[in-house]
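Trainee: Turn this into a structure:
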Amino acid sequence: MFTLYHHPASPFSRKARIVLGENGLDFIPVTIEPWKRDDSFMTKNPSGEIPVLQEPGGRYICGHRPVCEYISEITSRPLVGVNPLERAEVRRLCDWFDEKFFNEATVYLAGEKIYKRLNNGGAPDSDLIRAGKANVVSHLRYAEWLLKQRNWIAGENFSMADIAAAAQLSVLDYIDEVPWDKTDKDGSPLFEETKIWYARIKSRPSFRPLLNDRLGTLLPSEKYTDLDF
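Mentor: Below is the predicted model of the structure:
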């Protein structure tokens, strides 16, 4: 049995959880609060970062990329593409959401509205929240452009890029910071294809356990668990 050291508010932990679920791998979840020093956890990963996967033999795989790549290598599910060009595009878009989206949107919005609250970090910074809101719209415009040309984020097949994107968006969706119903000046929906895509993701068995996540006294938005939002 695998053990996953994670936190439900971490998009990278969520990414690992979805990948484990997509590959049908059962695991024991152990919640770690990364903002608190835990000496016993530091022996598993000296950086103190999550996620960390403990494989049945007792060894530890640290970091979301190594964890996801490890799972891909021990299973037969081609979540990174079936040829070099597909794999390059999947990796490019994983980088986009793991790094660019996370640093420009998740850090601002979840950082101020979730992480500060869980860590007793003081009042949210309204300037950072405002910047995060603007950046989410920009990223959703790009996702919409992609999904108007493709069946999934990186191409015609469900891939790690979809998982990386959904993991980030799901954290913001928890606090109702994804403007799914935003419209253009003419009243037409701006993110119709992206909303349809996300509804498909939410319906996948691997994603449904995330809908049961609760972050202490911070309750999710009404749309968070709604598959027909």
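
Trainee: Now E156. Nearest residue, chain neighbours left out?
Mentor: Once flanking residues are discounted, E156 sits nearest to R150: 6.5 Å by Cβ to Cβ, 6 or more residues apart in numbering. For every residue, glycine as well, the C-beta is placed using N, CA and C.

Trainee: these two touch, right, the one you found and F158?
Mentor: No. Using Cβ atoms under 8 Å, R150 makes no contact with F158, being 11.0 Å away.

Trainee: Looking at those two, which has the bigger crowd around it?
Mentor: Per other Cβ atoms under 10 Å, whichever of R150 and F158 has more neighbours is F158, with 19 against 15.

Trainee: Settle this for me: the more buried one is touching W152, isn't it.
Mentor: Yes. Taking Cβ under 8 Å as the definition, F158 is a contact partner of W152 at 5.2 Å.

Trainee: Outline the domain layout of this structure.
Mentor: For the chain, automatic domain parsing gives the domain ranges 2-74, 84-212.

Trainee: Now render the ones you listed as JSON lines, adding mean pLDDT.
Mentor: Shown next, in JSON lines, are those (pLDDT from 0 to 100):
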{"stretch": "domain 2-74", "mean pLDDT": "96"}
{"stretch": "domain 84-212", "mean pLDDT": "97"}
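
Trainee: Is it possible to get TSV of these that adds distance to D228?
Mentor: Listed next are the domains of the chain as TSV, based on distance: least, Cβ to Cβ, whole Å:
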stretch	distance to D228
domain 2-74	20
domain 84-212	7
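
Trainee: Relative to S221, tell me which of those domains wins on proximity.
Mentor: Closest approach to S221 among the domains of the chain (Cβ to Cβ): domain 84-212, 3.5 Å.

Trainee: Please identify the buried residues of the helix or strand that contains A161?
Mentor: Using DSSP states H and E, the element containing A161 is helix 160-174. Using 16 or more other Cβ atoms under 10 Å as the test for burial, helix 160-174 gives 160-174.
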